[in-house]
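S.K.: Here is my input; please provide its structure:
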Amino acid sequence: MYPYLTARRSILLAGTIAGLLIAAPLSAQQPPTAAAPPAAAPAAPALPPGSPLIGRPEGNEAAAKLAPVAPPPLPATPDKLPTAQLKLPPGFHIEVYASGIANARSMRLGTKGTLFLGTRFGNKVTAVVKKDGKTEIKTVAEGLYRPNGLAFKDGTLYIAELSQISKIENVEDKLDKPQKPTVIYTDLPKDEAHGWKFIAIGPDNKLYLEVGQPGNNVLHDKDHGQIRRINLDGSGAEVVAFGVRHSVGFDWNPVNKQLYFSDNGRDWLSEDAPEDKLNRVSKLGEDFGAPYCYQGNIPDPEFGWGHSCSEFTPPVALTGPHSAGLGLRFYTGKHVPEEVQECHLPRAPRLVEPDEEIRRRCSGNHAQQGWHRKVDRAIPYRLLGQQ
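M.R.: Numbers count the residues shown, from 1 in each chain. Reported below is the predicted structural model:
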């Protein structure tokens, strides 16, 4: 070994020992420095009240792929509407009646042939007028907030916004310029979740409206989760049905005048449960279960404690999990094939299922997919025999 390298190493070692001897007393007088904690992951932004994503299981890869589908920003042109690809039963025909209308959701037909359109996302009510072989699109009223629900009676158009109901009298005579509706009812919550309304006028000449749960699965107050009815001037409000999560369609049996309504079940329980429902109101004030019981026989894991599904009125039919039915009608016309009339025309109420032959002939093969269910698991439409 070279002598100068040995001497250098000795000097370095001595310096190191001296440094340790000097530093030791100093370190004894000061507390040890704690290691810096690892940086916390940024918190996910809080979901707004009533968000449909509230309750989505965390860390679940399949659930993470499910989310509401945003509406298209622009209406489709006629050549982009895939009517030729729709499979219809024998005897049916489909064609484009009107186009170029953004986010049309609800329809009502006036006595003079005017088709009125409401919207869940827009701010106006639109009219489609057919005249001299031409189609005219007119704005009936504008500056509204979620004017989804529409009803028509004796020349008056009723409009349901998020938190109020208004009317326009003699509306078909006032289509040349937008009108300012007259507000008749304001005793409504302002929740965005399930706040948009479906309305209809019953055989008792009263206006029926739905007030949904203010979220996916909520232990709501006395003003939510119900179907109400009011007089046509906005007075005399009363609750017709309780325990309604969210109904987007109802109609009356033309034989016995009973109210039937769809009800969408809760999300984030599973892809296969609970099923959506068809309910029937046989007496005023019945309770249909939500949020304590779903599909008539599934106690809710969160709110079902202390309750039995037998406490509530069961559905008359189950329509599939997350099928998201968008309306229902009793059809009494004659413009459908004879075999389909057997499925639709009113009959005396029945307490049994349709027989197998009617079931075979009345079963549909069209699919509706709710956003909470994958495309390859869509639910077929079904034509239900009257019960």
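S.K.: pLDDT weak spots in the stretch 101-250 of the chain?
M.R.: Along the stretch 101-250 of the chain, segments meeting pLDDT under 70 are nowhere present.
S.K.: Sort out which residues of stretch 93-106 are buried, please.
M.R.: 98-99, 103-106 (16 or more other Cβ atoms under 10 Å). No exception for glycine: its C-beta is placed from N, CA and C like everyone else's.
S.K.: can you pull out the strands in the stretch 51-200 of the chain?
M.R.: Defined through DSSP state E, counting those that start in this stretch, the strands belonging to the stretch 51-200 of the chain, from first to last, are 104-109, 115-119, 125-131, 134-141, 149-153, 156-160, 165-168, 182-185, 199-201.
S.K.: Would you mind giving those strands as TSV with distance to P72 added?
M.R.: Shown next, in TSV, are the strands of the stretch 51-200 of the chain (distance: least, Cβ to Cβ, whole Å):
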stretch	distance to P72
strand 104-109	12
strand 115-119	13
strand 125-131	17
strand 134-141	18
strand 149-153	22
strand 156-160	24
strand 165-168	28
strand 182-185	31
strand 199-201	25
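S.K.: so of these, which one's packed in deepest?
M.R.: Across the strands of the stretch 51-200 of the chain, averaging neighbours per residue (mean count of other Cβ atoms under 10 Å) puts strand 156-160 on top, at a mean of 25.
S.K.: thinking Y145 is in contact with L162, fair?
M.R.: Yes. Taking contact to mean Cβ atoms under 8 Å, the distance of 5.2 Å between Y145 and L162 places them in contact.
S.K.: Distance of V255 relative to G296?
M.R.: Counting by Cβ to Cβ, to the nearest Å, the gap from V255 to G296 is 24 Å.
S.K.: same question, T332
M.R.: T332 sits 28 Å away from G296 when distances are taken as Cβ to Cβ.
S.K.: Compare the two and say which one has the larger neighbour count.
M.R.: The residue with the greater number of neighbours, taking T332 and G296 and applying other Cβ atoms under 10 Å, is G296; the counts read 19 against 11.
S.K.: Can you name the residues that contact that one?
M.R.: With contacts defined as Cβ atoms under 8 Å, 6 or more residues apart in numbering, the neighbours of G296 are 277, 289, 309, 312, 314-315, 318.
S.K.: What confidence value was assigned to L328?
M.R.: What the model reports as pLDDT for L328 is 87.
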